[in-house]
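Novice: what's the 3D shape of this:
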Amino acid sequence: MIMRTTTIRRTQTAYRNTYADVMSYLYSMPLTPEVKENIGRRLVQEVTEPALAEAFAQIDQMSKLRKGWAGKGSFAVSPTVLKNLKQVLLISGNDDWMEWVISPDVNATVGLQSKSRQALMSLGASEFSYFTDKGGRERGESHVPFTAEAFLSIMRQIA
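Specialist: Below you'll find the predicted structure:
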C-alpha cells in the first residue's frame, strides 16, 4: 500500500501511467528481487481481482490485532487461522470473495458472512463450521476438519 501511495504522489499522473511505467519505477527502487516481485503481483491483483485483493488486505489488518482488541477477553486472531485463510485465497478466484465479508472474531477465529444470504462460516486453526438458511432450508455443520479445498467448496455451495 505504501508503494502505491508513493507512486501516485511521485508521478502525479498515476491513472495515466501504464503498468509498464509503474513496474519500471518499482524495479528502479533498491529492493530485493523477491520484494519487487511480491509488490508487482499485489499491484496486478489489486487492479484485476479487487475482491481477492481486499481479502488479502483484511488478513494483513487482522494479523495486527492483539489480545484485547475488542475489549477484555478478546484474543488476537490465531496465526494458524490466518494461514488457513491464505491457503483458501490462493486456490480461489475473485468471484469467490465478492459475496463474503471477512471479520475477526473474539475467540481467535475468523468469520465470513454472506452479503446477500443468511450464511455464516467460521474458520479455526484445524476445523471450520458453517450455517445457511438457503430458501428456507437450514443447513450447517460444526467441527469440519479444515482443508482449503473443503472450505472453498462449502463457500461456493452456500454463497
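Novice: relative to Ser28, how far out is Asn38?
Specialist: 16 Å (Cβ to Cβ, to the nearest Å). Where C-beta positions appear, they are placed from N, C-alpha and C, glycine not excepted.
Novice: between these two, point out the one with more neighbours.
Specialist: The residue with more neighbours, out of Asn38 and Ser28, is Asn38; 12 against 9, by other Cβ atoms under 10 Å.
Novice: state the next helix or strand along the chain beyond the helix or strand harbouring the more buried one.
Specialist: Assigned by DSSP states H and E, Asn38 belongs to helix 33-48. Next in sequence after helix 33-48, counting helices and strands by DSSP H and E, comes helix 50-62.
Novice: in the helix or strand just after that following helix, what's buried?
Specialist: Going down the chain from helix 50-62, the next helix or strand is helix 79-91, by DSSP H and E. Going by neighbour count (16 or more other Cβ atoms under 10 Å), the buried part of helix 79-91 is 81-82, 84-85, 87-89.
Novice: give me the contact list for helix 79-91.
Specialist: 52, 55-56, 59, 62-63, 97, 102, 108-110, 123-126, 146, 148-149, 151-152, 155 (Cβ atoms under 8 Å, 6 or more residues apart in numbering).
Novice: switch the cut-off to 7 Å
Specialist: For helix 79-91, the external contacting residues (Cβ atoms under 7 Å, 6 or more residues apart in numbering) are 52, 55-56, 59, 62-63, 108-110, 123-125, 146, 148-149, 151-152.
Novice: just the buried ones from those residues?
Specialist: By 16+ other Cβ under 10 Å, the contacts of helix 79-91 give 52, 55-56, 59, 62, 108-110, 123-124, 146, 148, 151-152 as buried.
Novice: tell me the mean pLDDT over stretch 131-143?
Specialist: Stretch 131-143 shows a mean pLDDT of 89.
Novice: buried residues in it?
Specialist: Going by neighbour count (16+ other Cβ under 10 Å), the buried part of stretch 131-143 is Thr132.
Novice: with only the CA atoms kept, save that stretch in CSV.
Specialist: What follows is stretch 131-143, C-alpha atoms only, in CSV (Å, rounded to 0.1, in the frame of the first residue of the first chain):
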residue,chain,number,x,y,z
PHE,A,131,-24.7,-22.4,8.6
THR,A,132,-27.0,-21.3,5.9
ASP,A,133,-30.7,-20.8,5.5
LYS,A,134,-31.0,-21.1,1.8
GLY,A,135,-34.6,-21.0,0.5
GLY,A,136,-36.0,-21.9,3.9
ARG,A,137,-33.8,-25.0,4.2
GLU,A,138,-31.4,-24.8,7.1
ARG,A,139,-28.1,-26.5,6.5
GLY,A,140,-24.9,-26.5,8.6
GLU,A,141,-22.2,-28.5,10.2
SER,A,142,-19.7,-27.9,13.0
HIS,A,143,-16.2,-29.2,13.6
